Structures are given as C-alpha cells and as structure tokens.
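Sequence first, then the predicted structure, then my questions.
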Amino acid sequence: MKSNARSEADIFVDLAKLTASPGYAYAIAQICHRDNGLIYSEALKPSDMERMFSNNRLIRTEVTTLLGLMMRQQLDLTVPSVDTVEAYVKRTDELMEELHHALSGPMHASLLAALAADNKADAPRPGEMMREPIFYATESAYSFQYRDLLPEKYGADDAWLVQNMGFTISQAQAIARAMCVLMDERATQVFIEAKVTKLPAEAWLYAFEYASDEIAQRSGEDMQVVEAFLKTFTLGSDNSQFQSVGDFNSVAATPLLPTGRGTVLLFQHYAIYEALYESPFFWMWADEGYRPTAMANRGAFTEQNSARRLAAVFGDANVHTNVNLHQGKNIVGEADVLVVFGDRIIIVQAKAKKLTLEARKGNDGRLKADFSAAIQKSYDQGWECANAIVAAGCRLQDDQGREVTLTHAIKEVFLFNVISDHYPALAIQAHEYLKYQSTDVIRPPFVMDVFLLDAMTEMLSTPLRLLSYVRMRLAVAGKVSLNHELTALAFHLRTNLWLDDEYNMVMLDDSIAADLDTAMMVRREGIAGERTPPGILTRMAGTYYEQLITQIEARPEAATLELGFILLSMGEDSCRRVHQGIEAITRQTQRDGMRHDFSIGLNGGRGICFHCNPAPSPGAVAALKSHCAKRKYKQRSPTWFGVSVGPGGDVQFGVRLDFPWSPSDEMEQITKGMKDGAPAASMLAALARQASLQKVGRNDPCPCGSGRKFKKCCLP
C-alpha cells in the first residue's frame, strides 16, 4: 500500500464531486458496456468468461456506489462530448482503485501488526478488517438464481403483494426479465455499431433506458401492473443518507432511476433481480400485522428449497422435513431437513437472516452478533440433533407424523447450515467466527446459502458425488484460502479437491470458477455451450470406473459406500487403472469362464481387491473375503475392500474389512508364499497381456511377469 495513501473519506468526497458532473450517467453507461458485457460467438466458452475476473473491471458493488453518489442530486442528462465521457471514465477508474487500497488498509495493517507481535496467523479479525472482503466479495448468487427462486420464495405472499404493491411475484419476475432481455438486445446492437464507428455519448445510454409501454409489450403484462412495478422499484429519494461505503444506498433497493423524461434507467441485470429477491421482505416487515406470516414464509422457503434440492440428488424417500427427535415424552431437537443415505445422514438447519448495515460498516460487535444469530445458532441446533441421533435411543418423526427409521448404525453425520439470502464474505466469516466441535462421526459444519446448495446439487447430482465433495471440502477446510465457496466447487469439478499432505495451504483465485459459471449459464439461461465443466464429471465417462460408481450409488450398502468415497477421491491415473484392471479381468472371465482378480493399493496403506466371477455364489463371497483378509494382512493395512463384478462389469457384491492390523501366527503361515503387491503399472500390463493370451500352459512363464512358471505363481 502506498505510504501517501489518502483516507477513505477524502476519496469518497472526490467521487461525489465526479459523479455530480453534468452527464456523468453516460460514463456509467460506458463502464457497464465495458465491464458487464459478455461477448461470445455461437457457443459460450470458459475463455469468454475470463475478462469477468479481471482486476481492472468495476464490480457490481462499485457501480452501485457510483450510482448512489450520482443520485444524491437531481439526475443531469446533459449530453457531454465523447472526450469528456472518456475523461470521466478514466478518473472513475483511478478513484475506485484508490478506494480499494483505502478499504484494504486496515486489513494489511492488522496482519502486519499481528506478525510483528508474533500473534497467530489465524487469530480472529476485528470487524474493521471485514469491510474490504464484505464490499468486494464475490457475488453470492448468480443473477438467474435470484430470478428463478422468486416464485418459490414469495409465492405464498402473492395475496399481500397484489393488495399492497399491485403485482404478484411472478408478474414482477416477468417484467424484470423483459427489461433484462431488452438490455441484452440493445447492448449487442451498440457493440456491433461501436466496432464500425466511434459512437456519440448518448448511444451508450440507449441500452439502459426504458419506457413503460415497451416493457409492457415485451413482458406481456398489463400496463397497470407494469406501472405498479416501476413505481415500486424507481428511486424516489435524494439518497442523501449515503455518505460512506457502509451507509444504506437506496439505489440497491430501488435500482430504477428516473430520467425526468418519462423513462427509467437500469444499468445491471443483477441490480433488479437482487432487489426483487430481497426488498419484499422489508415491505412485509413494515406491516406489523403481516410480519409473523412473512417470517414464517421466509423460514419455510429456506427449508423447502433445501429439501427440494437435496431430494433431486437423494430421492424424495430419503429426504425428510421438520424431523422431531423424541426421547420419551420430550422433544430434544428438531432437524429442519434430514437426509438418510445408507449409514450417512445430513442434518440441515435453515435460517433466514441478513447482515445488518452496522455490521457491513465494520462494527465488530454487530458483525459477531449477526453471525451468531444467522450461523452460530443454526450450527448449535444441528450439533444437538446430531448428538442425539448418534447416541441412539431417540425416536424420529417428521412433520407428517411419519416415523423416520435409521436402518444402519450411523458412520457419518454432515451438518449443513443454510441461509436464504446473500451474506457477504460468508466463507471468510465462517472461518473467522464459527465455534464448532467434531467427532469421528459428526463432521465439522458446512456453512452455505441456498445459492451454493443449488449449484452443488446441480453439478454433483448423485449421492456419492455430492457427499464425496462435502467430505473432501471439510477435510481441506484449513488448507484452502478462497473468497467464495463457488471457487472451491469449481476447483473440485476441474481436478478433484483431494489434496496431498505435502500441501499446507492452497490459494484459489476466483477465476477458477469460469468453467462452473459457464456451465451454470448454459443450463439456466439456455445459452449454447457445454453443460458440464471439463474434469471429474467428463474424463471417466463411459468407463468401468464410472459404471462402478453408478452401481455403488444405486445400492448404498455399508460395505461398498466407503469404497465409493475412496474411488471418488482418486486422481485420474488411479481411476484409469481401475478401469483398465476391470476391463482386463472381465475379458479373461468372458473368455475362459473362470474367476480372475487384481488388487490396487491406496493412500494410508488401504487397498482394494477386484474379483470377476462368472456368477455370484457363497463360494465367491468366501473367496473374496479370504483374498481380502490375506492381502490386508500381507500389506499390514487397517482397511481393505473387496468388490466382485460380473463378466459385464456389473457389481455383484462387496466386502469391507476394517479393523486394526495385528500380528498373527496363523496369518503368517497363510500368507507365507504370498507376493508383495506389484506396482500398479506393471500389474496392469501383466493383466493386459494375460487377457490377450488364448491359453497359458502350466509350465509357461507366468503372464504376471514374475519370471516363474505359471503353475508356481498365479495358477494356484
């Protein structure tokens, strides 16, 4: 940071003067074209998204700040010269960069002071340090998530909305969508024209100005409804209370700006969708008579949305809502949502809480109080439920009076703390403020909003995939530095989130999310492009490895579920070895009708034996258990898995031996002539050679490559 850096207040004064300049709105328009436009040809690609992560562009909160300052006085739409607009833009970029340095100053100073005092690097940060990550945090939601969740969040309030505001939430959604579509069409036209000639200043504003009649025509809504919508979301004050970054900015709640010529300005998709998602809560809160109903509907939305998204992954039969935990006549806990998958469960505790203005300003006490009400309380409730379930002895009953039966001893409990609204820098605050416990069964909590849960369940749409990611994310929580959880999800989709022990810290840049952002836009906006990010979901498609994962998910048995998690934590090379090995042994069994096998070692001394049996039988089960027991003992491993597949690669059954290794005279004798495990590459090469042979004689060299005769090596 520069030694001659100015104060935040001084920079804010200069920004206020600049934004009050005649025709400054045309500079805002040019900035939005420059920084918000997504340019692609035919199909959207991740490379097209890269410019959206540039440090040189202004983000939404910065643009909203400029608009808030501009609207502290009557809007002046005097058309400036092109050179004047360019000067406005240049000076804006300079001041906003300076403001960023000023906001980050307390954080840098505190970190340096902590280092000088030899304090712990992970000591809790004072509230002042959170102002920068809160203001510059990655967006919590995609704009289309705000848009698409509107009917689910406020549909139950439609009667109140019609009576008090003049429109239903679906009508408001249609109007906002129409405005955004118009913006895109006009911005495209401006982009094409700008490539041919230098445009006058007024041309840049064209994409962002709307008249009520064109909105009504495009949306298909009655003019009366459109006018009610415009009245509600058009700024009606001078925004004079906006004196610093942390102050309430009316433009955030009412992003339509009156021009004084019968039209309104809207500069960003995100602005209208976010306002429509968040503002109705405050309208209803002001109605004391309706307030209890509104609050009940908000809580129900968070629970129902979480249940709906999880049911899409685990199936309706495995997802239960409002589950009471009974011990005798007492209710000792309530899980808002309970997911049961084999011997794993997810407990969801949902909250509809927001970060207050005082907290956004860096008030340390308010920041911690908000976090306690939104996250800590939710976690504490989940922890109580988890302990009661693990201790057993309690009866589970959902909100329909149906018993929820747990058919397995619970091996893992995952706690999801879900909030319904944008909570700036949620990942950072959870790391700094959350006090939690964990056991061998109850995992650390996963704090998220409904938007992250939506993206996770959209991309990891099967039980093993989702739970495997959650396990890995929690395992590396102290090793990964990031601004937003979407970045971690994107990294996982690209290359798997499992990290070697050699890594103490990994910093993930927001730009990693380009693949995920692209796929989500393709799926939700109907844009041409790849629906699935290249990586773990695509590289093994169509292989025996992928087939194995799918079949384990279909039968979540205790013996194979843990194996599924291990398989999903493998690197690509190991995944391909599994495929190649299964391919080789199934080919052999198809050819000779005999049982064939191979084994691979895993991290931590564990391993897997794969058998291919012509048909499942008690003898085949006994043979696999015996093979696993010998291999487990020989490798001195605490855990060994066995999987039997048919000639077509279909899973027949599985076994899991999970107990500490200890010396045994009996096992020493049984494994006395057993070879140590061969390196995976040579083992697979031998299997491939063996599978390609028509016949191997008893006295022929063993195809495993040991140099011994077949009868003295692998034949027994």
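Okay, I see it. Numbers count the residues shown, from 1 in each chain.

Low-confidence ranges, the stretch 351-500 of the chain, go.
Low-confidence segments of the stretch 351-500 of the chain (pLDDT under 70): 355-357, 359-363.

what are the ranges of the strands in it?
Along the stretch 351-500 of the chain, counting by DSSP state E, counting those that start in this stretch, strands occupy 395-397, 412-419, 446-449, 480-481.

Check which strands are paired with the last one and give the direction for each one.
By that I understand strand 480-481. Here strand 480-481 is paired, per DSSP bridges, with strand 506-507 (parallel).

Over to the third one?
Looking at strand 446-449 with DSSP bridges, its partner strands are strand 412-419 (parallel).

What's the biggest strand in this protein, counting residues?
Counting by DSSP state E, the longest strand found in the chain is strand 330-341.

strand partners of that strand, parallel vs antiparallel please.
Paired neighbours of strand 330-341 in the sheet (DSSP bridges): strand 319-327 (antiparallel), strand 344-351 (antiparallel).

Which one of the strands of the stretch 351-500 of the chain lies nearest to His596?
strand 412-419 (33.6 Å; CB to CB). Every C-beta, even on glycine, is put in place using the N, C-alpha and C of the backbone.

Now render the strands paired with strand 330-341 as JSON lines, adding distance to Pro258 and mean neighbour count.
JSON lines is the format used below for the strands paired with strand 330-341 (distance: least, CB to CB, whole Å; neighbours: other CB atoms under 10 Å):
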{"stretch": "strand 319-327", "distance to Pro258": "44", "mean neighbour count": "19"}
{"stretch": "strand 344-351", "distance to Pro258": "36", "mean neighbour count": "25"}
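
can I get these in a markdown table with distance to Leu38?
Below are those laid out as a markdown table (distance: least, CB to CB, whole Å):
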| stretch | distance to Leu38 |
| --- | --- |
| strand 319-327 | 36 |
| strand 344-351 | 33 |
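
Going along the chain, name the strands of the stretch 501-650 of the chain.
With DSSP E, counting those that start in this stretch, the ranges of strands along the stretch 501-650 of the chain come out as 506-507, 596-601, 607-612, 639-645.

Need the winner for burial among the ones you listed.
Highest mean neighbour count of these: strand 639-645, a mean of 25 (counted as mean count of other CB atoms under 10 Å).

and that one, which strands flank it?
Applying DSSP bridges, strand 639-645 is found paired with strand 607-612 (parallel), strand 651-658 (antiparallel).

Nearest to Arg177, out of those?
Shortest distance between Arg177 and these, using CB to CB, is found for strand 651-658: 45.9 Å.

Tell me the first helix or strand C-terminal of that closest one.
Using DSSP states H and E, the helix or strand that follows strand 651-658 in sequence is helix 665-670.

could the strands of the stretch 351-500 of the chain go into JSON lines alongside mean neighbour count and distance to Val348?
Shown next, in JSON lines, are the strands of the stretch 351-500 of the chain (neighbours: other CB atoms under 10 Å; distance: least, CB to CB, whole Å):
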{"stretch": "strand 395-397", "mean neighbour count": "17", "distance to Val348": "14"}
{"stretch": "strand 412-419", "mean neighbour count": "24", "distance to Val348": "5"}
{"stretch": "strand 446-449", "mean neighbour count": "23", "distance to Val348": "10"}
{"stretch": "strand 480-481", "mean neighbour count": "18", "distance to Val348": "23"}
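
so which of those comes closest to Ala159?
Per CB to CB, nearest to Ala159 of these: strand 412-419, 26.2 Å.

And that closest one, how far out from the chain middle?
14 Å (CA atoms, centre = their mean, to the nearest Å).

Using CSV, please lay out the strands of the stretch 351-500 of the chain together with distance to Val245.
CSV is the format used below for the strands of the stretch 351-500 of the chain (distance: least, CB to CB, whole Å):
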stretch, distance to Val245
strand 395-397, 47
strand 412-419, 23
strand 446-449, 23
strand 480-481, 24
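
Of those, which is nearest Trp285?
Of all the strands of the stretch 351-500 of the chain, it is strand 412-419 that lies closest to Trp285, at 17.0 Å by CB to CB.

hang on, the earlier thing: need the strands of the stretch 501-650 of the chain in TSV with distance to Glu458, can you?
Output for the strands of the stretch 501-650 of the chain, formatted as TSV (distance: least, CB to CB, whole Å):
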stretch	distance to Glu458
strand 506-507	24
strand 596-601	32
strand 607-612	30
strand 639-645	30
